[in-house]
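Undergrad: Can you look at this prediction? I've put the sequence above it.
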Protein chains: 2
Amino acid sequence: MKISMYQASAPRFVHTLRNLSTILDKAEAYAEAKKIDPAVPGGLRLIADMFPLARQVQIACDTAKGAVARLAGLEIHKHEDTEKTLPELKARIAKTLDFIQSVPAAKIDGSEEREVVMKMRSGEVKFNGLQYLMGHAYPNFYFHCTTAYNILRANGVELGKRDFIGTP
Amino acid sequence: MKISMYQASAPRFVHTLRNLSTILDKAEAYAEAKKIDPAVPGGLRLIADMFPLARQVQIACDTAKGAVARLAGLEIHKHEDTEKTLPELKARIAKTLDFIQSVPAAKIDGSEEREVVMKMRSGEVKFNGLQYLMGHAYPNFYFHCTTAYNILRANGVELGKRDFIGTP
């Protein structure tokens, strides 16, 4: 037995995105308890020249959506980056989950060698599916999910790593 | 073709740990330029009740070391958590890399179904190898590497996500 590309991708993104949504639930409860303006949390940052919470969640979603679509050889539907509040960001995650869960495992399996072309600021970069998933999509996805967590944690929301990892 | 457990583990940990070491190089250059006491960076935190930089790096190292050892069915050698300065933390990463790179691929391959028992605060948790790698080791590893990055980034070290991702 070996790992299939499906096992290594869609269910892992789904798991962590669900945890991220629960983290946003806790942030919402915190903001309500402290009577924080609903427009505030999405704009929180670790430092002025880093992306705010809303953008971290949007990029995490797009990284997961793009990875699943590219590996499956499907068109990538654009989700507009209009979310400002925590309920809107949770809806963005839900929309991303709907797409990921709509892709059959058979579409993703066998994509280890599929060519994936990414448009980067530095130009086009070509990966094979495995290298793209493990070396690009995964670290990017976890980077933005963790940064979303860290922004909320550093701003006082009571979170623990267990909220991030969930039950594997 | 499918993914082997080796492909999905050791080389990915090695890649990100090397990037983390380069991030610490940049932090060291920053601390030198600003004449910051070498004892300071390791103690930086995002918030008072989160682990400081040194502990984030130690846990990232131990997560990678433990994952490779457990999947390979090898004894886990304890690395004492004594590091305080950036050069010491880089040496900890180098020691971890030495161990990971000493494990032959053949020891790790085929570990998808190997039972992995983790002692958690909540008691013993049993995983199979695949679930352990994808659902526990990966998110933990990336969580602590990203948090190390975020601590330095939030404290003024000039870093970009490219330093974290490297060249996949």
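TA: Cool, got the structure.

Undergrad: Helix or strand: which one has the nearest residue to residue A:86 once chain neighbours are set aside?
TA: Leaving aside its sequence neighbours, residue A:86 sits nearest to residue A:28 (C-beta to C-beta, 6 or more residues apart in numbering or on different chains; 4.5 Å). Yep, even glycine has a C-beta here, placed from its N, CA and C like the rest. In this assignment (DSSP states H and E), residue A:28 forms part of helix A:10-33.

Undergrad: Show me what the next helix or strand after that helix is packed against.
TA: Next helix or strand after helix A:10-33 toward the C-terminus (DSSP H and E): helix A:53-72. Here helix A:53-72 touches helix A:10-33, helix A:86-102, helix A:105-108, helix A:138-154, going by 3 or more C-beta pairs under 8 Å, 6 or more residues apart in numbering or on different chains; DSSP states H and E.

Undergrad: The last one: what's the following helix or strand?
TA: Scanning forward in sequence from helix A:138-154 by DSSP H and E, the next helix or strand is helix A:161-165.

Undergrad: Next one: that following helix, is it in contact with chain B?
TA: Yes. Counting by C-beta under 8 Å from any C-beta of the partner chain, chain B has neighbours in helix A:161-165: A:161, A:164-165.

Undergrad: Any chance of CSV for those residues, columns pLDDT?
TA: Formatted as CSV, those follow (pLDDT from 0 to 100):
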residue, pLDDT
A:161, 94
A:164, 97
A:165, 94
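
Undergrad: most surrounded residue in these?
TA: Highest neighbour count within the residues of helix A:161-165 next to chain B: residue A:164, with 23 neighbours (other C-beta atoms under 10 Å in any protein chain shown).

Undergrad: so what's that residue up against?
TA: A:16, A:19, A:23, A:145-146, A:149, B:139, B:143 (C-beta atoms under 8 Å, 6 or more residues apart in numbering or on different chains).

Undergrad: Spatially central, which residue of chain A would that be?
TA: Residue closest to the average C-alpha location in chain A (C-alpha atoms, centre = their mean): residue A:60, at 2.5 Å.

Undergrad: What about residue A:119, how many residues nearby?
TA: 8.

Undergrad: So what sits opposite it in the bridge?
TA: residue A:124 (DSSP bridges).

Undergrad: same for the helix or strand of chain A with the lowest mean pLDDT, what does it pack against?
TA: The helix or strand of chain A with the poorest confidence is strand A:115-120; it has a mean of 89 (mean pLDDT, DSSP states H and E). Under the contact criterion of 3+ C-beta pairs under 8 Å, 6+ apart, strand A:115-120 touches strand A:123-128.

Undergrad: could you dump the strand it packs on to PDB, C-alpha only?
TA: Taking Å, rounded to 0.1, in the frame of the first residue of the first chain, the C-alpha atoms of strand A:123-128 are listed here in PDB:
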ATOM      1  CA  GLY A 123       7.100  34.200 -13.800                       C
ATOM      2  CA  GLU A 124       5.700  30.800 -14.600                       C
ATOM      3  CA  VAL A 125       6.900  27.800 -12.500                       C
ATOM      4  CA  LYS A 126       6.300  24.200 -13.500                       C
ATOM      5  CA  PHE A 127       5.800  21.500 -10.900                       C
ATOM      6  CA  ASN A 128       4.800  17.900 -11.100                       C
END
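
Undergrad: contacts for the very next helix or strand once past that strand?
TA: Using DSSP H and E, the helix or strand that follows strand A:123-128 towards the C-terminus is helix A:129-131. Residues external to helix A:129-131 that are found in contact with it (C-beta under 8 Å, 6+ apart): A:5, A:70-71, A:111-116, B:3, B:7, B:168.

Undergrad: any idea of the mean pLDDT for helix A:129-131?
TA: Helix A:129-131 shows a mean pLDDT of 93 in the predicted model.

Undergrad: for stretch A:68-81, same thing?
TA: 96.

Undergrad: so who does the residue nearest to the centre of chain A touch?
TA: Here residue A:60 is in contact with A:17, A:20, A:141, A:144-145, A:148 (C-beta under 8 Å, 6+ apart).

Undergrad: Out of the contacts of helix A:129-131, grab the one that's most surrounded.
TA: residue A:71 leads these on contacts (other C-beta under 10 Å) with 27 neighbours.

Undergrad: Compute the distance between it and chain B, please.
TA: 12 Å (C-beta to the nearest C-beta, to the nearest Å).

Undergrad: ok, which residues in chain A are in contact with chain B?
TA: Contact residues, chain A versus chain B (C-beta under 8 Å from any C-beta): A:1-5, A:7-8, A:12, A:15-16, A:46-47, A:50, A:110, A:112-113, A:127, A:130-132, A:134-136, A:138-140, A:142-143, A:146-147, A:149-150, A:153-154, A:156, A:161, A:164-165, A:168.

Undergrad: List buried residues within those residues.
TA: Buried subset of those (neighbour count, 16 or more other C-beta atoms under 10 Å in any protein chain shown): A:2-5, A:7-8, A:12, A:15-16, A:46, A:50, A:112, A:127, A:130-132, A:134-136, A:138-140, A:142-143, A:146-147, A:149-150, A:153-154, A:161, A:164-165, A:168.
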